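1. For reference, the sequence and a predicted model appear below.
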Amino acid sequence: MPTVAERYARLAGQLLDRIKATPADRWDAVCPCRGWTARDVVAHVINGHRGILGFVTGRPPVAADGVGVSGMDGAPAVEPGADLAVAFARCRDDMVAMLGDPELASTTVPGPMGMVPVELAVDVIGSLEVLGHTWDLARAVGGDEQLDQDAVIRTHEALLPHYEGLQATGAFDPSIPAPAGADPQTAFLCFVGRASAVPSRR
């Protein structure tokens, strides 16, 4: 059975692959999430990682690698020429190191699931964030939209009891009905409010 750190690293690696594959002229493309650009979505994920790590370590997040700092639900400014793959890889490495430290990984953090160990928050809410924004980025820039199916199913099932908590944060879009017979990825994306994930009828 993979550890939380291993599951996180796998998903983060898949997002990093999409970041590296993004053409230089597509960073201003609009994503399905909040009308953010592709650049905004990646900056938001980086910022969220920094916020979690800052809460656990007690060290406030600071701007680095050309990516600024904002509220956890925001998209910080990105300097011209910033290498978002480098910035995200640094956050990924820091997250894996934190999850590999039993004392730090057991730190309780607030969120849609209530006060829970950070490793549980990363395993569920973190997986939602990484999966959802991997798809957002791919959809915006014409990349690979196929998500890790096992992670999609596991994350969707884990999130179902926490829907009200997700909505109470104001940071997550309301669910939309999934079409009959929807595949696991479409059902998950509908759960997290991605209307553009529903195939159009012709």
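-> Alright, I've got the coordinates.
2. residue ranges with poor pLDDT in this structure?
-> 200-202 (pLDDT under 70).
3. Which residue ranges of this protein form helices?
-> Using DSSP state H, the helices of the chain run over 4-21, 38-57, 84-99, 102-105, 118-121, 127-141, 149-159, 163-168, 184-191.
4. could you give the angle of the last one to helix 127-141?
-> Taking axes from the mean of the first three to the mean of the last three Cα atoms, to 10 degrees, helix 184-191 and helix 127-141 form an angle of 100 degrees between their directions.
5. Which elements pack onto helix 184-191?
-> Under the contact criterion of 3 or more Cβ pairs under 8 Å, 6 or more residues apart in numbering; DSSP states H and E, helix 184-191 touches helix 127-141, helix 149-159. Any C-beta I mention is one placed from the backbone N, CA and C, and that applies to glycine too.
6. closest to L16 out of these?
-> helix 127-141 (9.5 Å; Cβ to Cβ).
7. just the angle between the closest one and helix 38-57, please?
-> Going by the same axes, to 10 degrees, helix 127-141 makes 160 degrees with helix 38-57.
8. Next, the angle from helix 127-141 to helix 149-159.
-> Using the same axes, to 10 degrees: helix 127-141 against helix 149-159 is 130 degrees.
9. So which elements touch helix 127-141?
-> Using 3+ Cβ pairs under 8 Å, 6+ apart, helix 127-141 sits against helix 4-21, helix 38-57, helix 149-159, helix 184-191.
10. Mean neighbour count, these: which tops it?
-> Among those, the stretch with the highest mean neighbour count (mean count of other Cβ atoms under 10 Å) is helix 38-57, at a mean of 23.
11. Which strands or helices does that one pack on?
-> helix 84-99, strand 108-109, helix 118-121, helix 127-141.
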